[in-house]
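In: 3D model of this:
(4 chains)
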2 protein chains.
Amino acid sequence: MLTERQYEVVMAIVFEYIHTGEPVGSRSLSKKYLTRISAATIRNEMADLEEMGFITQPHTSAGRVPTSKAFRIYVDSILEGKRQKSPELADRLLDLKRQRADFEQVLVYSSQLLSRATQTVALAASAPLAQVRLERVEFVSIDSNHALLLVVLQGRLIHQKMLAFPCEMPRETLDEIARRINAIASGKPWDEVRDGLRMFLLNELTEVSESCRLAMTEIDRLLSAENFRFFTTGIHHILNLPDFQDIGRLQAILSLLEEEEALSRMVRRYSAKDGLNIVIGNEDPESGLGAFSALFSSYSGKGTRTVLGLIGPVRMDYEKAIAALETVWDGLSENGNLEGR
Amino acid sequence: MLTERQYEVVMAIVFEYIHTGEPVGSRSLSKKYLTRISAATIRNEMADLEEMGFITQPHTSAGRVPTSKAFRIYVDSILEGKRQKSPELADRLLDLKRQRADFEQVLVYSSQLLSRATQTVALAASAPLAQVRLERVEFVSIDSNHALLLVVLQGRLIHQKMLAFPCEMPRETLDEIARRINAIASGKPWDEVRDGLRMFLLNELTEVSESCRLAMTEIDRLLSAENFRFFTTGIHHILNLPDFQDIGRLQAILSLLEEEEALSRMVRRYSAKDGLNIVIGNEDPESGLGAFSALFSSYSGKGTRTVLGLIGPVRMDYEKAIAALETVWDGLSENGNLEGR
DNA sequence: TTTTGGCACTCTCGTCTCTTGAGTGCCAAC
DNA sequence: GTTGGCACTCAAGAGACGAGAGTGCCAAAA
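Out: Okay, the predicted model is just below:
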């Protein structure tokens, strides 16, 4: 649908726009990138491209600004080519191995690393999958009717929740409940044992059935695929961007980042399939990204789904961002750090 | 040092400035607040007040803007008077009791409540005190050489850290270490038993002394008075403020809020004494607050120090902010929620 | 001695106009 | 199909100007 030359023009416009942030004119294209074609020819192509929705004009006598459709082509072309890894980032990742960090530290550190390398907002997240197997659960009694529920997943990931029981729960009872849950559920896919386990517990331990029900509900919630844990880093970077000197757009993205519910929705939406997913600005109006783009690298392991992400302006350096994300991602896989161990 | 009338002028200027955000002129003061004095007289007073450092002029022919010195007087006068509590906020706090929330939830919820009520950034934090007594420690074995260290303080506060041991640590060994620590340290002030405990452990359990050393170091770090845990809410509110349409100042405060280390330094500095502490803008240049003010309400209980805070523009509605902070604070105390129980 | 009205002066801010420069669209020639 | 040329458009910046808000100071009143 695009001729070879139109494709070149689009790519040149996106490239120039990413680097200058200004609307791109036909003359500068002809001088800098497409020396063999004259400005007038480029103008003709531009008129067609505008009609096709790849570029727009802020006002009649201005240059052209690429739309998300144009950015999409640009990003796809990057993804097709080979990227080189950043050796410095890879080095930094070795520190993690040296420190024998746990999974949570791995996520935090990765997100910090990414944010610093790309000068954008980085996030790392993980959530259980439906087929998650639990290693075991444990209750840490806090006082007569409070206990900390610990759910250890296969891998080293740990979820936890403080429970307030409706009646007194002595330590022995809690241990008993934990023992039974572990006997049945340990090492098995949660969604297979769940219902049976619930029935079993409620029938066996009738005198504390209310507490068992509570515990089961909470374990279920902790293991739900919706239950992402987030680590966000580098929000202040987006204030440095020259494009966002007007506050309104910042407002939107900051609210998104601060509200875990909204963030979770977004991550769920765009990390559904494994690998690298890129959402550009308002390409998907539902995203709420507005003038920002998001890159998600996600992977479903045995029991958990892990996501690394970057959120930056639409006009970000995708090449650098993708390279950084892939470097960190590969570093984690190599060290066997994805989903813990 | 200030005459009665000068005091009135300062108060009126601060009041008007808080509500309009514009430099305040002598004429509007005379009309709105000090009808019995003429504008010319106010001008004379203003000249003196400027010399004394209570107000400044952005430029020759503009009105006066109060300095932090003037805000200080204003805030002190609010603190002297009686404030009324917000009944709506108090109601909301009852929900906490109904939910029998744990301490962490209490902190998170309080901070959300405060932020929404005042439209500023709210934070809640807690840290152990030197005299903290630990209820007990527990190790949750994760794999052959990883375990989750749980430190339960008196009250319901829990600190935790994943440990990577230098050698294999079977569950029994971990339980043994925990048992010994608890036997000696449970219920006693940590700073009294600490050194003895360390000696004892290293002498008794020589074959895993390296692991014991590690565990002791981590417990010590978790119980250190420096070890604040933070919950921050409502960062997006500060973008709504009309005063901060230039990004530079936002940058500073956002970096502060995002960097736990800096935040911790600030909270330590200004919550040293119990009760309500207010820091106004650049009153203390060390604070890094710049164009923002911070209100901290802090309380040292038996084992932990709890802090609720608000961070907003210097020109914030102190009356409302103080009232909200006090309402939430009192609500927590009444429900017995400060430091857990 | 303190307070007040009056007046000249200063500075910001919004509006208007003008100019400049970048860029387009179209047309005729190649 | 491609190109150079030319008229046209528009944004952004500079300068001029008036309105408005506010001050400082002085001399008269209290």
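
In: Okay, buried residues for stretch A:325-335 please.
Out: For stretch A:325-335, a neighbour-count test (16 or more other C-beta atoms under 10 Å in any protein chain shown) marks A:325, A:326, A:327, A:328, A:329, A:331, A:332 as buried. All C-beta atoms are positioned from the backbone trio N, CA, C, and that covers glycine.

In: so residue A:117 touches residue A:90, yeah?
Out: No. With contact defined as C-beta atoms under 8 Å, residue A:117 and residue A:90 do not form a contacting pair (11.0 Å).

In: Looking at these two, which is more packed in?
Out: Higher neighbour count among residue A:117 and residue A:90: residue A:117, with 22 against 14, using other C-beta atoms under 10 Å in any protein chain shown.

In: check which helix or strand covers that one.
Out: Take DSSP states H and E as the rule and residue A:117 turns out to sit in helix A:103-118.

In: what about the helices in the stretch 201-341 of chain A?
Out: For the stretch 201-341 of chain A, applying DSSP state H, counting those that start in this stretch gives helices covering A:209-222, A:237-240, A:247-258, A:260-270, A:318-334.

In: quick one: low-confidence parts of the stretch 201-341 of chain A?
Out: Applying pLDDT under 70 to the stretch 201-341 of chain A flags the ranges A:245, A:336-341.

In: Near DNA strand D, which residues of chain A? Just list them.
Out: Within chain A, the positions near DNA strand D by C-beta under 7 Å from any atom of the strand are A:36, A:37, A:38, A:39, A:40, A:41, A:44, A:59, A:60, A:61, A:62.

In: One more pass at 10 Å, please.
Out: A:3, A:5, A:22-23, A:26-27, A:30, A:34-45, A:57-62 (C-beta under 10 Å from any atom of the strand).

In: show me where the stretch 51-200 of chain A has strands.
Out: Here the stretch 51-200 of chain A has its strands, by DSSP state E, counting those that start in this stretch, at A:55-56, A:65-66, A:121-128, A:134-143, A:146-153, A:158-164.

In: give the contact list for residue A:287.
Out: The contact partners of residue A:287, by C-beta atoms under 8 Å, 6 or more residues apart in numbering or on different chains, come to A:266, A:269, A:270, A:279, A:294.

In: filter these to the buried ones?
Out: Buried by 16+ other C-beta under 10 Å: A:266, A:270, A:279, A:294, out of those.

In: So which of the residues of chain A next to DNA strand D reach DNA strand C?
Out: Contacts with DNA strand C within these, counted by C-beta under 10 Å from any atom of the strand: A:22-23, A:26-27, A:30, A:38-45, A:57, A:59-62.

In: which other residues reach stretch A:32-50?
Out: Residues from elsewhere that reach stretch A:32-50 (C-beta under 8 Å, 6+ apart): A:5-6, A:8-10, A:12, A:15-16, A:26-27, A:29-30, A:55-57, A:64.

In: Spatially nearest residue to residue A:158 (excluding sequence neighbours)?
Out: Take residue A:158 and drop its neighbours on the chain: the residue closest to it by C-beta to C-beta, 6 or more residues apart in numbering or on different chains is residue A:152, 5.4 Å away.

In: Make sure the one you found is actually in contact with residue A:133.
Out: No. In this structure residue A:152 lies outside contact range of residue A:133 using C-beta under 8 Å: 10.6 Å.

In: In space, what's closest to residue A:160 - neighbours in sequence excluded?
Out: Here the residue nearest residue A:160, using C-beta to C-beta, 6+ apart, is residue A:150, at 5.0 Å.

In: can I get the CA coordinates of stretch A:296-307 in CSV?
Out: Only the C-alpha atoms of stretch A:296-307 are listed here, as CSV (Å, rounded to 0.1, in the frame of the first residue of the first chain):
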residue,chain,number,x,y,z
PHE,A,296,6.1,-4.2,27.6
SER,A,297,8.3,-7.2,27.6
SER,A,298,6.4,-10.1,29.2
TYR,A,299,7.0,-13.8,29.8
SER,A,300,4.8,-16.5,31.3
GLY,A,301,6.9,-19.0,33.1
LYS,A,302,5.7,-22.1,35.0
GLY,A,303,3.7,-20.3,37.5
THR,A,304,4.1,-16.6,37.1
ARG,A,305,3.9,-13.9,34.5
THR,A,306,6.7,-11.4,34.6
VAL,A,307,6.5,-8.0,32.9
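
In: Can you say which two of the contacts of residue A:287 are spatially most distant?
Out: Distance extremes for the contacts of residue A:287: the farthest pair is A:269 and A:294 at 10.1 Å, using C-beta to C-beta.

In: Cross the contacts of stretch A:32-50 against strands and list the overlap.
Out: Residues of these located in strands (DSSP state E): A:55, A:56.

In: Which among the contacts of stretch A:32-50 count as buried?
Out: A:6, A:8, A:9, A:10, A:12, A:15, A:16, A:26, A:29, A:30, A:55, A:64.

In: so which of these would you say is closest to DNA strand C?
Out: Nearest to DNA strand C among these, counting by C-beta to the nearest atom of the strand, is residue A:26 at 3.4 Å.

In: Which pLDDT value does the model give the closest one?
Out: For residue A:26, the pLDDT comes out at 97.

In: which parts of the stretch 151-300 of chain A sit against chain B?
Out: Residues of the stretch 151-300 of chain A lying close to chain B (C-beta under 8 Å from any C-beta of the partner chain) are A:152, A:156, A:158, A:162, A:164, A:233-236, A:239-240, A:244-245, A:247, A:250-251, A:254-255, A:258.

In: Filter these down to the buried ones.
Out: Neighbour-count burial (16+ other C-beta under 10 Å) is assigned, among those, to A:152, A:156, A:158, A:162, A:164, A:233-236, A:239, A:244, A:247, A:250, A:254, A:258.
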